[in-house]
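K.L.:
could you look at this predicted model? Sequence included:
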Amino acid sequence: MTSTSERVIVPPMDDYNQQLVSHVHPPDWVNPKPADRYDLVVIGAGTAGLVTAAGAAGMDIGLKVALIERHLMGGDCLNVGCVPSKCIIRSSRVVAQMKEAGDFGIRPPEQIDIDFSAVMERMRKLRAGISHHDSAQRFKQTYNIDIFLGEGSFQDSNTIAVGDKILRFKKAVITTGARAVRPSIEGIEETGFLTNETVFSLTERPKRLAVIGGGPIGCELAQAFRRLGCEVILFHRHSHLLNKEDTDAAEIVQHKFEQEGIRLVLDCKMKRAVKMDEGKLLHYTCNGQDESIIVDEILVGAGRAPNIEGLNLDAVGVEYHRKGIKVNDYLQTTNRNIYAAGDICMKWKFTHAADAAARIVIKNTLFSPFGLGRSKLSDLVMPWVTYTDPEIAHVGMYEDEAQEKGMKVSTIKIPFNTVDRAIADGEEDGFVKIHHQKGSDKILGATIVARHAGEMISEVTTAIVGNVGLSKLSSAIHPYPTQAEGIKKAADAYRRTLLTPNTKRFLGLLTKLS
Ligand SMILES: Cc1cc2nc3c(=O)[nH]c(=O)nc-3n(C[C@H](O)[C@H](O)[C@H](O)COP(=O)(O)OP(=O)(O)OC[C@H]3O[C@@H](n4cnc5c(N)ncnc54)[C@H](O)[C@@H]3O)c2cc1C
Ligand SMILES: NC(=O)c1ccc[n+]([C@@H]2O[C@H](COP(=O)([O-])OP(=O)(O)OC[C@H]3O[C@@H](n4cnc5c(N)ncnc54)[C@H](O)[C@@H]3O)[C@@H](O)[C@H]2O)c1
């Protein structure tokens, strides 16, 4: 047995990050002697890889599974994505609520003292605490999975190399995820910038922060850093933020950002970055005007690039493109023995999407002989949430998407200023919007904008998955007062559309006879 594990550093290497690394890339890890042949080899131990490997090995039916990770087990979600971002978002919400205290009859403190380094330390502590779930030791001991730390690279259609080890497989799954796109802005590499891979290592607050990209990453982090005391300028190349979301929803968030003092530069083109003594100079154009600004740090959240380099995909006939690996609806690549799941191959780049895809892959690789009974990606009903404040939660189709599919759509919108609990909470900026098939109560999709919209959307997801229509939803009792009553109000609004003049006449007759 040889040790192939390279020492990995997650700055700052305090006790918490040492604990994290000891779980997800132990410095003293010794790769095992490979089995003669694996039923499944999984490359990449992010959410998709962990769920695939644990799901297969955890069945305890004697499957031999290997999992390869070159950096940190847990992937983006645990280390540089969902977990650290939601921890600092939580701290930033405390600041926002302290600032709003006056609206609730509570005198806010004269000065809110934000200890940025303590906020980041809290995040590191929580992340380290969660990390044992994804640890190499746990996956080895609980599931009897062979963990190989190192870069996986295909040799041929039956073997993968990790360092000096050769792993033979029946089926392989590529779950290597994606990373931040490096923007093509002149001088940006020399000037230096942060991405999601480095921003959570900050220990000091940058006074002036430029955020490039107004998608989920840019928006969630711009608002958090603004609330934690940075001056934030947010550059986006489209005419409004979160342009993939429902327009009304994005508008509410954009308005909130402006209220909170985030400077928005929309429809912009970044031209050049220059490192100066006073900071980082950014040249850009906006509305045809040349402009510039000096900041202390630049954070880029400008989309994702797939981690395909080094996999040697050409050797195994796995086709790929700029956005990732090509898969069919069964998540099978162009090599029938090799599958893929998660950010490496899917338009839905979410942890829960990677998890759901992994479950499809387990079924299709191991339990669908001759292709019988395979599960399809297109059967999934996918919700997602952007954790701005208010949050935007969505599930199913947007109105235009449904129309493009030839469906006739009706939309019901309930603003939260008509929902008692939202009024009591002082959280009236938002709405529940439900799209349903015209002339029927079948729910096609929904968007919710609310402080905890993410906690509410699952009711609609469950309804869609369970084929529960608006009529049934309207008969489900919702506790009063809750913000989820907004969903019931939408369902009630649908029920009222059934009251045609004829039904009203009939009901009138019934009352006379009663
Ligand atoms: C800032 C940020 C916030 C986010 N917030 C959320 C959120 O709130 N909710 C949500 O649902 N999603 C969120 N996401 C998205 C989520 O993190 C991803 O969709 C999810 O991590 C994808 O999982 P994955 O397994 O496909 O890939 P990854 O998590 O990227 O894992 C891939 C793994 O493969 C390894 N690897 C790559 N190449 C090789 C190789 N050749 N050999 C061995 N190992 C290799 C990598 O090191 C990595 O560990 C966020 C993302 C970011 C960046
Ligand atoms: N809450 C969540 O679930 C969550 C949170 C964060 C990220 N994510 C996932 O991560 C993925 C990546 O997020 P993202 O925000 O990086 O990508 P994105 O592609 O969704 O958004 C980036 C935006 O930046 C713009 N942009 C790119 N280059 C620019 C430039 N030079 N100047 C100005 N604007 C520029 C793009 O046009 C785009 O609209 C998303 O697909 C999302 O699924 C999810």
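P.N.:
Yep, it's here. Residues are numbered from 1 along each chain as shown. Ligands and ions are numbered 1, 2, ... in the order given.

K.L.:
which ones are touching the residue in the stretch 301-450 of the chain that ligand 1 sits nearest to?
P.N.:
For the stretch 301-450 of the chain and ligand 1, the shortest gap (CB to the nearest ligand atom) falls at Gly342, measuring 2.1 Å. Bear in mind the C-beta positions are built from the backbone N, C-alpha and C, glycine included. Going by CB atoms under 8 Å, 6 or more residues apart in numbering, Gly342 touches Gly44, Gly46, Thr47, Ala48, Gly49, Thr175, Gly177, Ala353, Ala354, Ala357, Ala358.

K.L.:
please export the C-alpha coordinates of the host helix or strand of the fifth one as PDB.
P.N.:
Secondary structure assignment for Gly49, by DSSP states H and E: helix 47-57. The C-alpha trace of helix 47-57 is given here as PDB (Å, rounded to 0.1, in the frame of the first residue of the first chain):
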ATOM      1  CA  THR A  47     -23.000  15.300  -3.900                       C
ATOM      2  CA  ALA A  48     -23.600  13.300  -7.100                       C
ATOM      3  CA  GLY A  49     -20.600  11.100  -6.400                       C
ATOM      4  CA  LEU A  50     -21.200  10.500  -2.700                       C
ATOM      5  CA  VAL A  51     -24.900   9.700  -3.200                       C
ATOM      6  CA  THR A  52     -24.100   7.300  -6.100                       C
ATOM      7  CA  ALA A  53     -21.400   5.500  -4.200                       C
ATOM      8  CA  ALA A  54     -23.200   5.300  -0.900                       C
ATOM      9  CA  GLY A  55     -26.500   4.400  -2.500                       C
ATOM     10  CA  ALA A  56     -24.900   1.500  -4.400                       C
ATOM     11  CA  ALA A  57     -22.700   0.200  -1.600                       C
END
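
K.L.:
near ligand 2, anything from it?
P.N.:
No: Helix 47-57 is not in contact with ligand 2 by CB under 6 Å from any ligand atom; minimum separation 11.9 Å.

K.L.:
which other residues reach that helix?
P.N.:
For helix 47-57, contacts defined as CB under 8 Å, 6+ apart pick out 39-40, 42-43, 45, 63, 65, 67, 69, 73-75, 77, 134, 139, 142-145, 173, 175, 177, 341-344, 351, 354-355, 357-359, 361-362, 365-366.

K.L.:
pLDDT wise, what is the closest residue to the residue of the stretch 301-450 of the chain closest to ligand 1 other than its chain neighbours at?
P.N.:
Nearest residue to Gly342 in three dimensions, chain neighbours excluded: Ala48, at 3.0 Å (CB to CB, 6 or more residues apart in numbering). Looking at Ala48, its pLDDT reads 98.

K.L.:
repeat for Thr4
P.N.:
50.

K.L.:
now swap in the one 10 residues further on and tell me
P.N.:
The model reports Asp14 with a pLDDT of 98.

K.L.:
tell me the spacing between it and Asp420.
P.N.:
46 Å (CB to CB, to the nearest Å).

K.L.:
how about Ile362?
P.N.:
According to CB to CB, Ile362 stands 45 Å off from Asp420.

K.L.:
neighbour count winner among those two?
P.N.:
Ile362 (25 against 13; other CB atoms under 10 Å).

K.L.:
which regions of this protein sit below the pLDDT cut-off?
P.N.:
1-5 (pLDDT under 70).

K.L.:
got the contact list for the residue positioned nearest the centre of it?
P.N.:
Nearest residue to the geometric centre of the chain (CA atoms, centre = their mean): Phe350, 3.7 Å. Contacts for Phe350 were tallied using CB under 8 Å, 6+ apart; they are Met382, Trp384.

K.L.:
likewise the one 10 residues further on?
P.N.:
With contacts defined as CB under 8 Å, 6+ apart, the neighbours of Ile360 are Tyr330, Leu331, Ala341, Ser375, Lys376, Leu377, Leu380.

K.L.:
let's go with 10 Å and repeat that
P.N.:
Thr52, Asp329, Tyr330, Leu331, Tyr339, Ala341, Arg374, Ser375, Lys376, Leu377, Asp379, Leu380 (CB atoms under 10 Å, 6 or more residues apart in numbering).

K.L.:
just the buried ones from the residues you listed?
P.N.:
Neighbour-count burial within the contacts of Ile360 applies to Thr52, Tyr330, Leu331, Tyr339, Ala341, Arg374, Ser375, Leu377, Leu380; the criterion is 16 or more other CB atoms under 10 Å.

K.L.:
any idea how far the residue of the stretch 101-250 of the chain found nearest ligand 2 is from Leu380?
P.N.:
Nearest residue of the stretch 101-250 of the chain to ligand 2 (CB to the nearest ligand atom) works out as Gly215 at 2.0 Å. As for Gly215, its distance to Leu380 is 22 Å (criterion: CB to CB).

K.L.:
just Ala302 next, same as before
P.N.:
Taking CB to CB as the measure, Ala302 falls 27 Å from Leu380.

K.L.:
my guess is Lys347 contacts Lys323. True?
P.N.:
Yes: the pair Lys347 / Lys323 is scored as a contact, 8.0 Å apart, by CB atoms under 10 Å.

K.L.:
more neighbours, those two?
P.N.:
Lys323 (15 against 10).

K.L.:
so what's that one up against?
P.N.:
Residues near Lys323 by CB under 10 Å, 6+ apart: Ala178, Gly303, Arg304, Ala305, Pro306, Ile344, Cys345, Met346, Lys347.
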